[in-house]
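**Student:** Let me see the structure of the following:
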Amino acid sequence: MSTAGIDDRKVVVFKIGNEEYATNIGQVERILEFQKITKIPDAPDYLKGVTNCLGRIVPVIDLKKRFGLSDTNVSEGSKIIIAKQDQGDIGLIVDTVSEVIDISDEMMTPPPEIIVGIVKKYIKGLINMDTRIIINLNLGRILSFGEREAIEEMIN
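**Tutor:** Reported below is the predicted structural model:
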């Protein structure tokens, strides 16, 4: 019998473009409707700015830009996932949040060998669900420690 916790068995599924991604529900603090983001001068292109979440200033990352995707427009249905990180929460812009699902070990496969470099550090694996393949992300690794420190210096 597996000793994995409930947070390891439930994932939040979201879309960026036409692709589905997921993350363990334990990494998600909350999901916000898209709201005003204040831009930060001289910030990296993937850092859209900061927003107020329950009285806290949270940096907001455009996952499309972070993943090197071309279309980074924010639509009416866009959401901000507030993700927990050791160094503080971050907001992640996604196109939609669709569901929370239970996963099993049998549904999980490791990332393909073709995935290399920086991307591999935040892809935990693939979730195989009949006709769907969902990319399982570790949102805690979307930013490196150095990137997180640089962002903190910009906003403080």
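**Student:** Centroid-nearest residue for this protein?
**Tutor:** Leu139 (4.7 Å; CA atoms, centre = their mean).
**Student:** Can you tell me how far that one is from Thr51?
**Tutor:** 17 Å (CB to CB, to the nearest Å). (Each C-beta comes from the backbone N, C-alpha and C, glycine too.)
**Student:** ok so, going back, the residue nearest to the centre of the chain and Leu92 touch, don't they?
**Tutor:** Yes: in this structure, Leu139 is within contact of Leu92 by CB atoms under 8 Å, at 6.7 Å.
**Student:** Now the common contact residues for those two.
**Tutor:** Ile81, Ala83 (CB atoms under 8 Å, 6 or more residues apart in numbering).
**Student:** still on that earlier bit, for the closest residue in space to the residue nearest to the centre of the chain that isn't next to it in sequence, grab the count of nearby residues.
**Tutor:** Excluding its sequence neighbours, the residue lying closest to Leu139 (CB to CB, 6 or more residues apart in numbering) is Ala83, at 4.0 Å. Using other CB atoms under 10 Å, Ala83 has 23 neighbouring residues.
**Student:** looking at it, Ala83 is touching Ile31, isn't it?
**Tutor:** No: using CB under 8 Å, Ala83 makes no contact with Ile31, being 10.1 Å away.
**Student:** So Gly55 versus Pro112, what's the distance?
**Tutor:** 42 Å.
**Student:** ok, back up a step: in contact with the residue nearest to Leu139: list those residues for me.
**Tutor:** So Ala83 contacts Thr23, Gln27, Val28, Glu29, Asp89, Ile90, Gly91, Leu92, Leu139, Gly140, Ile142 (CB under 8 Å, 6+ apart).
**Student:** Can I get the residues you listed in CSV including pLDDT and secondary structure?
**Tutor:** Listed next are those as CSV, based on pLDDT from 0 to 100; DSSP: H, G, I helix; E, B strand; the rest coil:
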residue, pLDDT, secondary structure
Thr23, 94, strand
Gln27, 92, helix
Val28, 94, strand
Glu29, 93, strand
Asp89, 89, coil
Ile90, 93, strand
Gly91, 95, strand
Leu92, 94, strand
Leu139, 87, helix
Gly140, 82, helix
Ile142, 84, coil
